[in-house]
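Trainee: pasted the sequence and its predicted model underneath.
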Amino acid sequence: MTDAAGQPPRLGEVLVRHGVVTPQQLQVALEEQRQTGRPVGEIIVERGFAPGPMVAQALATQRGGLVKTEYGFATGFQSAPAAPAAPAPVADPRDEELQKLRVALASRDAEIKQLRELLDQLRLAAVA
């Protein structure tokens, strides 16, 4: 996955594109990164904007495939949505947290499926 100049997308762009963080949360993290020099993904997790495994998924997407992180293996997001969906009005703050958890769960389910397929392929290769 690269942009028009052949460069991989920035981590924050991937996270926003997939609805993991809001543009406002990314701006907060980028400002802290400018001040501290720390990695933006680390800041996003530390501030509670996104769980670590979701940031790992974005890293795998950015790098174009499987990566190993402190959260285990990440395979990347399956497809990039055309545009982030407009957030639904939130009547209860817990609804927003539930939505984040649903997104994380769906992503993990896809990752587990891919890892099972990879494991099956490795088992077949080991037998051959």
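Mentor: Cool, the structure landed. This one's a predicted model, so the numbers in the text were calculated from it and none came from an experiment.
Trainee: so where is this protein shaky, pLDDT-wise?
Mentor: Residue ranges of the chain with pLDDT under 70: 1-5, 79-91.
Trainee: spatially central residue in it, please.
Mentor: In the chain, the C-alpha nearest the mean C-alpha coordinate belongs to residue 58, at 3.1 Å (Cα atoms, centre = their mean).
Trainee: check contacts around that one.
Mentor: By Cβ atoms under 8 Å, 6 or more residues apart in numbering, residue 58 lies in contact with 11, 14-15, 18, 20, 41, 76-77. Using the backbone N, CA and C atoms, a C-beta is placed for each residue, glycine as well.
Trainee: so which of those comes closest to residue 53?
Mentor: Minimum distance to residue 53 across the contacts of residue 58 is 10.5 Å, recorded for residue 20 (Cβ to Cβ).
Trainee: can you pick the most crowded of the contacts of residue 58?
Mentor: Among those, residue 15 has the most neighbours (other Cβ atoms under 10 Å), with 30 neighbours.
Trainee: on contacts alone, who are the packing partners of the strand or helix carrying it?
Mentor: Using DSSP states H and E, residue 15 maps to helix 11-17. Contact analysis of helix 11-17 by 3 or more Cβ pairs under 8 Å, 6 or more residues apart in numbering; DSSP states H and E lists helix 23-36, helix 40-46, helix 52-63 as its packing neighbours.
Trainee: how about the residue nearest to the centre of the chain, nearest residue that isn't a chain neighbour?
Mentor: residue 14 (4.3 Å; Cβ to Cβ, 6 or more residues apart in numbering).
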